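Trainee: The following comprises the amino acid sequence and a computationally predicted model.
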Amino acid sequence: MTNPVAKVSFVRRHLLTCENLSAGEINALLDLADKAAENNRQINKKRDVLRGRTLINLFFEASTRTQSSFELAGKRLGADVMNMNVSTSSVQKGETLIDTAMTLNAMRPDILVVRHHAAGAVELLAQKVDCSVINAGDGAHQHPTQALLDVLTIRRAKGRIAGLTVAICGDILHSRVARSNINVLNTMGARVRIVAPSTLLPPAADRLGAEVFTCMNAGLEGADIVMMLRLQRERMQGSYVPSTREYFHFFGLDHEKLARAKPDALIMHPGPMNRGVEIASTIADHSRSVIRDQVEMGVAVRMAVLEAMARQLPNH
Amino acid sequence: MPKNGSPAQDATTFLNARLIDPATGKDEPGGLLVRDGVIADMGSHLRRNAPEHSKVVDCKGHVLCPGLIDMQVFTGEPGLEHRETLKTASHAAAAGGVTTIVVMPDTEPVIDQVALVDFIQRRARDNALVNVHVMAAMTRGLKGTEMTEIGLLKRAGAIAFSNGKSSVANARVMRNVLLYGKDHATLIVHHTEDPHLTEGSVMNAGEVATRLGLPGVHKAAETIVLERDVRLVELTGGRYHAATLSCAESLAVVRAAKAKGLPVTCGVSINHLTLNENDIGSYRTFLRLRPPLRCEEDRAAMVRGLAAGDIDVVVSSHDPQDADVKRHPFAEAADGAIGLETLLAAGLRLYHNDEIGLVALLRALTINPARLLGLPSGRLDKGAPADLILVDLGQPWVVDRALLRARSKNSPFDESRMQGRVLATMVAGHTVYQYAQADRD
């Protein structure tokens, strides 16, 4: 599965965006992640790559799966992992992001995993601290580990990424998952489509490196991968789409629409799913759904990223 | 309005200058005599010989022209003095060659009452180095619902009326302001951005915003309000000035209005002439502005509009914001950039790049705002106030925000290379700023 020609290692202090990742770097991370996935299926999952290191999960925005995925990844590599609980943190007391960052920095963590509701916030924070920073999602900007786990899932199921047609469907406008995936999939040689009602497409969507569709049937025609996105609850009632019912009718993934895709097309979703809104319940549990594999690969990819970054940490 | 102590009794002759009068378009070697705070004489006969009993300043061939008039300056006085006071703004102005500033009503409290106009004028008289005029609020609290006492405010000294950083969404209120303002021969200055389309946006809509994951606003938000306002001007005959436009589409609206003979003029901020959305780079909050920076095509269109005379006025849109509101993620930071001290130098970039002639640039910074506001300055004319600047067009320097005089340091030109700087600034014949080598370099 590994590609010996493009054997380039991942040498970076931070992982903030997918925009500048090379195919070589992505392959190197995916190869590492394959090994981690193997490791995670053993009885003894514990390794000591990060022994003595401190990893802080700093989540300004609620998250269950990404945070627990990073926590597990850190622990399996032997790091001390601390989760910053935002609801009780000083952010609520009016402290600025930069002051919070400086405070945490003084505690000398080795790696900060940060999620924030504002685009660019993680990069801003990375400029102010001494440790490595991993972007776990910043506003509608980027979510690099999600895109990496998605391409890992695709590579493991299809054996390749180049040449595949990937349809990303749903709320592209507000989606960092879509942006990161468009970057990574393009770099890896896939053909990317984005499918959404016009109100959920960002301005200049056609300039992102994807073909734009506003009709689900046309967008799914001949696709190898159908990647559904979550529609936030607050965007369902009238401001962007008229109703949940109407959205499901035109953009929800059901058997009829799925039939447009290739017979062996994979069904993906970054979670958490709204069953009956963007995806029919039966589709979510379909035999071609790799949604649970995505969660498993999430831990593996995060271990790979942490391991690669640990090599760059000082005093290694 | 002489500043700082005794009125100028003695005369000063500026010899060996390159005199530029944007009002007449004259650009020629000569000299200029200042007596009692006004321009007493000028011309080629004063190029080498000064009259007796006058002090002599050798301009060494540098440009001597009217001081700049900046009709959009935000300060923090009253209410937000930690950002800027009239005093600190005036020091920045003097160093930038700006001899008259019009301060905006967006303060705490809002300048919407006679007593507050009076307050600004007194504070300026006692503390400011340059001329300060008041742009009063046209609606109470800048809320866009009730008209202020436009007649009384004007009598108290308000030079024009504006709704500050916000647009009046209610067309009936806007119509009434234009209609009533006309009775008092006032100029109505309006910020043009549809509040509903603008809501939540932090930069120009387009590829850059989409890649950055930031909510953008379309240019239509500006043009929609401008088009409505032009219709209301047609209806009322009120004098209207669009404060800071940012895109080619808006210029087309202004051109059409002017062609119809409507009393419509417009301005642009120096930022929209010299920067574009790409300068935001990786979320530089000092480039978060209202209206937002647009694409390069729009910037170039604004410069062409300025050169063609479609745009009447260039402003700094000086808007001091402290670190406490700028050191945030882009989407959560405040809008605004300082600009008084870099206004001329940034403008000269356009001149040095052959994008615009020197006289056309200076016209929009001097005589045009003077005429709009009814000021006697902004020109080289016998009897006009001796508000003058001496400028070395070629001198290179690098902007260091720590050295800027404004109290807040949110300059979009930090670390930028500039060519051309003010050597001296005179207000009513008094030197309020003199460049000293040791200052910077």
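Mentor: Yep, it's here.
Trainee: For the rest of this, base every contact and every neighbour count on C-alpha atoms.
Mentor: Will do.
Trainee: which regions of chain B sit below the pLDDT cut-off?
Mentor: Flagging of chain B using pLDDT under 70 yields the residue ranges B:1-9, B:437-441.
Trainee: again, only this time at 50
Mentor: Low-confidence segments of chain B, defined by pLDDT under 50: B:1-8, B:438, B:440-441.
Trainee: Which positions in it make contact with chain A?
Mentor: Selection of chain B residues close to chain A by CA under 8 Å from any CA of the partner chain yields B:205-207, B:210-214, B:282-283, B:327-332.
Trainee: can you pick the most crowded of the residues you listed?
Mentor: Within the residues of chain B next to chain A, most neighbours by other CA atoms under 10 Å in any protein chain shown means B:Leu214, with 28 neighbours.
Trainee: how far does stretch B:172-187 sit from the chain's center?
Mentor: Distance, stretch centre to chain centre, for stretch B:172-187: 23 Å (CA atoms, centre = their mean, to the nearest Å).
Trainee: cool, and stretch A:58-65?
Mentor: With CA atoms, centre = their mean, you get 13 Å for stretch A:58-65.
Trainee: Return the set of buried residues in that stretch.
Mentor: Neighbour counts over stretch A:58-65 (16 or more other CA atoms under 10 Å in any protein chain shown) mark A:Leu58, A:Phe59, A:Phe60, A:Glu61 as buried.
Trainee: Please apply the same query to stretch A:248-257.
Mentor: Within stretch A:248-257, the residues scored as buried using 16+ other CA under 10 Å are A:Phe248, A:Phe250, A:Phe251, A:Gly252, A:Leu253, A:Asp254, A:Lys257.
Trainee: Tell me the one of these nearest chain B?
Mentor: A:Phe251 (22.0 Å; CA to the nearest CA).
Trainee: next one: phi and psi at the closest one?
Mentor: phi -130, psi 0 (degrees, to the nearest 10).
Trainee: Then B:Thr198?
Mentor: Per-residue torsions, B:Thr198: phi -80, psi -20 (degrees, to the nearest 10).
Trainee: how about the helices of the stretch 1-150 of chain A, start to end?
Mentor: Remark: helices assigned in the stretch 1-150 of chain A by DSSP state H, counting those that start in this stretch are A:23-39, A:65-76, A:97-106, A:121-128, A:144-158.
Trainee: Mind telling me which of the ones you listed the model trusts least?
Mentor: Sorting the helices of the stretch 1-150 of chain A by mean pLDDT places helix A:97-106 lowest, at a mean of 87.
Trainee: For the closest residue to B:Ile111 other than its chain neighbours, give me its contacts.
Mentor: Spatial nearest neighbour of B:Ile111, chain neighbours left out: B:Pro105 (4.6 Å); criterion: CA to CA, 6 or more residues apart in numbering or on different chains. If you count contacts by CA atoms under 8 Å, 6 or more residues apart in numbering or on different chains, B:Pro105 has them with B:Phe74, B:Ile111, B:Asp112, B:Val134, B:Met135, B:Ala136, B:Ala137, B:Ser162, B:Asn163, B:Gly164.
Trainee: can you tell me how far the fourth one sits from B:Ala205?
Mentor: Between B:Val134 and B:Ala205 the distance is 34 Å, computed by CA to CA, to the nearest Å.
Trainee: Repeat that for B:His62.
Mentor: For B:His62 relative to B:Ala205 (CA to CA), the value is 43 Å.
Trainee: ditto for A:Ala33
Mentor: According to CA to CA, A:Ala33 stands 37 Å off from B:Ala205.
Trainee: B:Thr24 now?
Mentor: 41 Å.
Trainee: now swap in A:Ile168 and tell me
Mentor: Using CA to CA, A:Ile168 is found at 22 Å from B:Ala205.
Trainee: Compute the first-to-last residue distance for stretch B:191-211.
Mentor: For stretch B:191-211, the separation between the terminal residues is 28 Å (CA to CA).
Trainee: buried set for that stretch?
Mentor: B:191-194, B:197-198, B:201-211.
Trainee: In helices only, show me those residues.
Mentor: B:Leu197, B:Thr198, B:Glu207, B:Val208, B:Ala209, B:Thr210, B:Arg211 (DSSP state H).
Trainee: which residues touch the residue in chain B that chain A sits nearest to?
Mentor: At 3.9 Å from chain A, B:Gly213 is the closest residue in chain B, using CA to the nearest CA. By CA under 8 Å, 6+ apart, B:Gly213 lies in contact with A:Ala119, A:Gly139, A:Ala140, A:His141, A:Gln142, A:His174, A:Arg176.
Trainee: Could you list which of these also contact chain B?
Mentor: By CA under 8 Å from any CA, the members of these lying near chain B are A:Ala119, A:Gly139, A:Ala140, A:His141, A:Gln142, A:His174, A:Arg176.
Trainee: Helices of the stretch 301-441 of chain B, residue ranges please.
Mentor: B:323-326, B:343-352, B:358-365, B:367-373, B:437-440.
Trainee: from the ones you listed, which stretch is densest packed?
Mentor: Comparing the helices of the stretch 301-441 of chain B by mean neighbour count (mean count of other CA atoms under 10 Å in any protein chain shown), helix B:358-365 ranks first with a mean of 24.
Trainee: what separates it from the chain centre, distance-wise?
Mentor: Relative to the centre of its chain, helix B:358-365 is centred 13 Å away, using CA atoms, centre = their mean.
Trainee: Other residues contacting that helix?
Mentor: B:20-23, B:25, B:27, B:68-70, B:306-307, B:309, B:311-315, B:347-348, B:351.
Trainee: Run through the residues of the stretch 151-300 of chain A sitting next to chain B.
Mentor: A:His174, A:Arg176, A:Arg179, A:Pro202, A:Pro203, A:Ala204, A:Ala205, A:Arg207, A:Leu208.
Trainee: Please determine how far the first one is located from B:Leu212.
Mentor: Per CA to CA, A:His174 is found 11 Å from B:Leu212.
Trainee: between the two, what contacts are shared?
Mentor: Common neighbours of A:His174 and B:Leu212 (criterion: CA under 8 Å, 6+ apart): A:Ala140.
Trainee: Could you measure from whatever residue of the stretch 101-250 of chain A ends up closest to chain B over to B:Val177?
Mentor: Here the stretch 101-250 of chain A gets closest to chain B at one residue, A:His141, 3.9 Å apart by CA to the nearest CA. Distance of A:His141 to B:Val177, computed by CA to CA: 42 Å.
Trainee: Same drill for these two, tell me which one is more crowded.
Mentor: More crowded of A:His141 and B:Val177, by other CA under 10 Å: A:His141, with 27 against 23.
Trainee: ok, the more buried one touching A:His117?
Mentor: No. A:His141 lies out of contact with A:His117 (CA atoms under 8 Å); the separation is 9.6 Å.
Trainee: ok so, going back, give me the phi and psi for the residue of chain B closest to chain A.
Mentor: phi 70, psi 30.
Trainee: same thing with the one 4 residues further on?
Mentor: Backbone geometry at B:Val217, expressed as degrees, to the nearest 10, gives phi -120, psi 140.
Trainee: can I assume it is in contact with B:Met203?
Mentor: Yes. Using CA under 8 Å, B:Val217 is in contact with B:Met203, at 6.3 Å.
Trainee: Can you give me the distance of B:Asn49 to B:Leu33?
Mentor: Separation of B:Asn49 from B:Leu33 (CA to CA) stands at 11 Å.
Trainee: Between these two, tell me which one has more neighbours.
Mentor: Between B:Asn49 and B:Leu33, B:Leu33 has the larger neighbour count (other CA under 10 Å), namely 24 against 15.
Trainee: what residues are up against that one?
Mentor: The neighbours of B:Leu33, taking CA under 8 Å, 6+ apart as the test, are B:Ala11, B:Thr12, B:Thr13, B:Phe14, B:Ile39, B:Ala40, B:Asp41, B:Met42, B:Leu46.
Trainee: what number of residues lie near the last one?
Mentor: Spelled out, it's B:Leu46. For B:Leu46, the count of nearby residues is 20 (other CA under 10 Å).
Trainee: next one: the second one
Mentor: Residues near B:Thr12, counting by other CA under 10 Å, number 23.
Trainee: for the chain, longest helix please?
Mentor: As the question left the chain open, I've gone with chain A. helix A:291-310.
Trainee: my question was about chain B
Mentor: Criterion DSSP H: the longest helix present in chain B is helix B:220-236.
Trainee: Good, wrapping up.
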